[in-house]
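*Asks:* the sequence and its predicted three-dimensional model are supplied below.
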Amino acid sequence: MSEDLFKRLVSHCKEYGFIYPSSEVYEGLNGVYDYGPMGVELKNNIKEYWWKAMVQMHDNIVGLDSAIFMHPKIWKASGHVDAFNDPLVDNKDSKKRFRADVLIETEIDKMLAKADKEVEKAAKRFGETFDEKMYRETNPRVMEYIQKAEATEKRLANALKLGDMADLKALIEELEITEPDTGSRNWTEVRQFNLMFSTQMSNTGDDGKLYLRPETAQGIFVNFLNVQKTTRQKIPFGIAQIGKAFRNEIVARQFIFRMREFEQMEMQYFVRPGTEMEWYAYWKEKRMAWHRAVTPAEKLRFKDHDNLAHYANAAVDVQFEFPFGFKELEGIHSRTDFDLSSHSELSGKKMQYFDPELNEHYTPYVVETSVGCDRMFLTVLSNALVDETVPDAKGEDSTRTVLRIAPALAPVKCAVLPLLRNNEELVGKAREVYDSIKLHFLCQYDEKDAVGRRYRRQDAIGTPYCVTIDHETLENGTVTIRERDSMQQERIAIADIARIVSEKVDMAKIL
Ligand code: ATP
């Protein structure tokens, strides 16, 4: 999908009530979005798909809904107060703000693209006899680009690890990085910027400073003992949570990919120390299977982290090919015992588990899976939006926009349409059918415009089925049912609608 199609997707989301910019009447709020009537349905279905796969399908995973406000010491223990930073740099001429690491990564991508271009040119020149591998390893110009990219990547990772802001600035200067819009090279020093939002609570003593949680995980860690005791779960077991998280992202672009307020679906799996790598491999596979059930395999890949976070001993991203390239959709991290140990230390409460099989106490290790609900939403829509040429009622070519969303995730499952709006009998019957099936799944009743246009409206929001009430319905109690993707129509009995649609939209189909 190209940038143009991405723009189409953003405008489609607004036009059909999936996503609106927040506070639009006041010219919007950067990096914040509202989900409209169709958006909230799709989002709820995505959450249900995740919850069923994690909690319902595993008898050793239980749910939690912890508060957004938490004791400020939690963020000290977790390392977020000291280390949840991104390197920030301002351009003095354009007054625009950038992430220094992203500027450098973009430069590395350019070097690699130059190497690819050289290879492409050579492939054309040499034709069938071309040996790409050999060319990449021997052509001096290609080698120079690749070596420069690799050296820069290494230096970037090292500077980030050491928190060496001066070296990031030096890299920006040495690579002669310019501001993308103005070409200016007039940069400020690079400095660390903490991504947590803070607020004030009265009567808490101290200065009352609280943080809005930047991840849902800590609510799970500090409830570890409560949950383990009340559910009597034995290790290994998991705690799952869906909830809002807040990050003061330096640059919030790319629609709902990077927001300042977003939702996470996280699961922390508590395991015996020493077994974490087995569970890490297990969850990598499980989570990839969950994605593949609704996303083509070639648009998904794993990317190991080069630069491990302070708490992790292994980490991998599930990347999806968004309209702007392969980017992180989900993170799977082996978090060691870092969080539970830190909370034990700072709170003075031992957060351990007694393992009856080993007859010993230990601090469990944790493997976590963390997927952004909004990024999953963008993934589903990027896969689904299609403009296609189809024959119209007269058999001539016409374009239709269709959202090919998995039926289980589709916002509306079935539309009920009387053939004519000014025929009382048809309208009455259609209302009756609508009332009889709305108990089972979300339906829409629509009588406005010609039936062909109504089908197109339903296609555009991804409704898998449209049921039309016509004159024959009044005679023999049958309706036509039209399937979204094939546009095939069949006659079925009214009494069968609920069963046929329920089967098709059942979550079990993708679980
Ligand atoms: P990125 O590198 O893209 O900033 P991250 O590595 O900081 O992401 P994690 O801390 O691993 O992200 O968070 C887990 C998941 O939460 C991510 O995989 C992503 O789906 C989601 N997420 C993180 N930040 C945002 C954001 N600003 N907007 C929307 N979703 C986000």
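*Replies:* Perfect, thanks for sending it.

*Asks:* tell me who's in contact with H58.
*Replies:* G238 (Cβ atoms under 8 Å, 6 or more residues apart in numbering). The way it works is simple: take the backbone N, C-alpha and C, and place the C-beta from them, glycine included.

*Asks:* distance check, it against V380.
*Replies:* 23 Å (Cβ to Cβ, to the nearest Å).

*Asks:* what's the lengthiest helix in the chain packed up against?
*Replies:* Longest among the helix segments of the chain by residue count, using DSSP state H, is helix 100-126. Using 3 or more Cβ pairs under 8 Å, 6 or more residues apart in numbering; DSSP states H and E as the contact test, the elements touching helix 100-126 are strand 85-90, helix 132-138, helix 140-162, helix 165-174.

*Asks:* buried sites along the third one?
*Replies:* It refers to helix 140-162. Neighbour counts over helix 140-162 (16 or more other Cβ atoms under 10 Å) mark V142, Y145, I146, K148, A149, T152, E153, R155, L156, A159, L160 as buried.

*Asks:* find the nearest non-adjacent residue to the residue of the stretch 151-300 of the chain found nearest the ligand, please.
*Replies:* Nearest residue of the stretch 151-300 of the chain to the ligand: F262, at 3.7 Å (Cβ to the nearest ligand atom). Among residues not flanking F262 along the chain, D374 sits closest, at 4.9 Å (Cβ to Cβ, 6 or more residues apart in numbering).

*Asks:* just checking, the one you found touches I256?
*Replies:* Yes. The pair D374 and I256 qualifies as a contact (Cβ atoms under 8 Å) at a distance of 4.4 Å.

*Asks:* overlap in contacts of those two?
*Replies:* With Cβ under 8 Å, 6+ apart, D374 and I256 have common neighbours Y33, F262.

*Asks:* grab the most central residue of this structure for me.
*Replies:* Geometric centre of the chain, nearest residue: R375, 2.0 Å, by Cα atoms, centre = their mean.

*Asks:* need the nearest residue in space to it, chain neighbours excluded.
*Replies:* L329 (5.1 Å).

*Asks:* now N194
*Replies:* N85 (5.3 Å).

*Asks:* quick check: the one you found vs the ligand, distance?
*Replies:* Going from N85 to the ligand by Cβ to the nearest ligand atom, to the nearest Å gives 12 Å.

*Asks:* surely Y362 is in contact with R272?
*Replies:* Yes. With contact defined as Cβ under 8 Å, Y362 counts as touching R272 (7.3 Å).

*Asks:* list residues touching both of the two?
*Replies:* With Cβ under 8 Å, 6+ apart as the test, Y362 and R272 both reach D355.

*Asks:* distance check, the residue nearest to F262 against the ligand.
*Replies:* Distance from D374 to the ligand, by Cβ to the nearest ligand atom: 5 Å.

*Asks:* contacting residues for that residue?
*Replies:* Y33, I256, F257, M259, F262, E263.

*Asks:* host element of the residue nearest to the centre of the chain?
*Replies:* Using DSSP states H and E, R375 sits in helix 373-384.

*Asks:* mind giving me the domain split of the protein?
*Replies:* What the record gives for the chain is the domain set 36-71+195-381, 85-194, 391-509, from automatic domain parsing.

*Asks:* average pLDDT across the second one?
*Replies:* The one in question is domain 85-194. Taken as a whole, domain 85-194 has a mean pLDDT of 94.

*Asks:* nearest residue to P464 in space, ignoring adjacent ones along the chain?
*Replies:* P407 (4.1 Å).

*Asks:* contacting residues for the one you found?
*Replies:* Contacts of P407 (Cβ under 8 Å, 6+ apart): K413, P464, K504, V505, K509.
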